[in-house]
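>>> for reference, the sequence and a predicted model appear below.
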Amino acid sequence: MAQQLYLQLHYSGLSPTTEFHSPTTSYHRTSSSSLSPSPVMVVGTVFRPTRPEDWEPYRDLIAHLYTTMKLKDVMNEMHTKHNFKATEKQYKTQIKKWNLDTKYTKASEYMAMIKTKRRRENENPPKQTRFILRGRPVDPKDINRFEKRASKKGMMKDEELAYNTKEAEDIEDLVYITPSPSPEPTFSSYAPPPAPTQYQTTDYHQQ
């Protein structure tokens, strides 16, 4: 019986130790007709989403990865570790649908900040401005870097800011505040440290 099975496996192109994989368990074919569990790693099939509902089981995972990774890194992680493969366009569609694209600041949002910042700087007295976008403080250095790049492209012209740019109040989830001035140390407010406490010592004599 064993010899007959061996010949059947041989002529069918299978060896007596062929591995069979299922979605949950890996089996190892021996010379007997029974299947026994094997610790061989399961080789998963790459899943390609074709419908919107195909994305839902992966939503929380993708959202978590996207908070710390670039999109290309998320795509690679999902493909190599979770056998989930989709195009960049598909990912962008879902990210927009799930409202996950909150960590990047749009050009229109930077333009609104710059317009508001300049207006407040020209007030009497001038005011400093700090912006909070989608619950996160915006680094002033990022605004300055964008302003320099935009100036080279001709985006910082007065007419562009005046007619084609919104104010911060018109941008959803964008608010601004006036930071409190940092108190400067003065000599009059300096107090010397207290003098060390002197302890009175008493000699005890044993009678």
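Perfect, thanks for sending it. Values in this document were obtained by computation on a predicted structure and should not be read as measured data.
>>> all helices for this protein, in order.
2-11, 59-66, 71-82, 88-97, 107-121, 140-152, 158-163 (DSSP state H).
>>> winner for burial among those helices?
helix 107-121 (a mean of 18; mean count of other C-beta atoms under 10 Å). Using the backbone N, CA and C atoms, a C-beta is placed for each residue, glycine as well.
>>> so where is this protein shaky, pLDDT-wise?
By pLDDT under 70, the weakly predicted segments of the chain are 1-44, 103, 164, 182-207.
>>> could you redo the last one with a cut-off of 90?
1-45, 63-71, 95-109, 134-136, 149-173, 180-207 (pLDDT under 90).
>>> list the contacts of the nearest residue to V74 once chain neighbours are set aside.
Spatial nearest neighbour of V74, chain neighbours left out: L65 (4.6 Å); criterion: C-beta to C-beta, 6 or more residues apart in numbering. The contact partners of L65, taken as C-beta atoms under 8 Å, 6 or more residues apart in numbering, are 73-74, 77-78.
>>> got the residues you listed as a markdown table, with distance to P52 columns?
Listed next are the contacts of L65 as a markdown table, based on distance: C-beta to C-beta, whole Å:
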| residue | distance to P52 |
| --- | --- |
| D73 | 23 |
| V74 | 18 |
| E77 | 21 |
| M78 | 17 |
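>>> of those, closest to T87?
Checking the contacts of L65 against T87 with C-beta to C-beta, the nearest one is M78 at 12.0 Å.
>>> so what's the residue count around the closest residue to that closest one other than its chain neighbours?
Take M78 and drop its neighbours on the chain: the residue closest to it by C-beta to C-beta, 6+ apart is F84, 4.3 Å away. Here the number of neighbours of F84 (other C-beta atoms under 10 Å) works out to 21.
>>> picking up where we left off before, which of the helices of the chain sits closest to P179?
Using C-beta to C-beta, the nearest of the helices of the chain to P179 is helix 140-152, at 10.0 Å.
>>> packing partners for the closest one?
helix 107-121 (3 or more C-beta pairs under 8 Å, 6 or more residues apart in numbering; DSSP states H and E).
>>> go ahead and confirm K127 touches R118.
No: here K127 does not reach R118: they are 11.1 Å apart, not a contact under C-beta atoms under 8 Å.
>>> between the contacts of L65, which is closest to D142?
Looking across these and measuring by C-beta to C-beta, the closest to D142 is D73, at 21.1 Å.
>>> setting the sequence-adjacent residues aside, check what's closest to that closest one.
Per C-beta to C-beta, 6+ apart, closest to D73 is L65, 7.8 Å.
>>> the residue nearest to P137 when sequence neighbours are not counted: how many residues sit nearby?
Counting by C-beta to C-beta, 6+ apart, P137 lies nearest to R130, which is 6.7 Å off, once chain neighbours are set aside. Other residues near R130 come to 16 when the count uses other C-beta under 10 Å.
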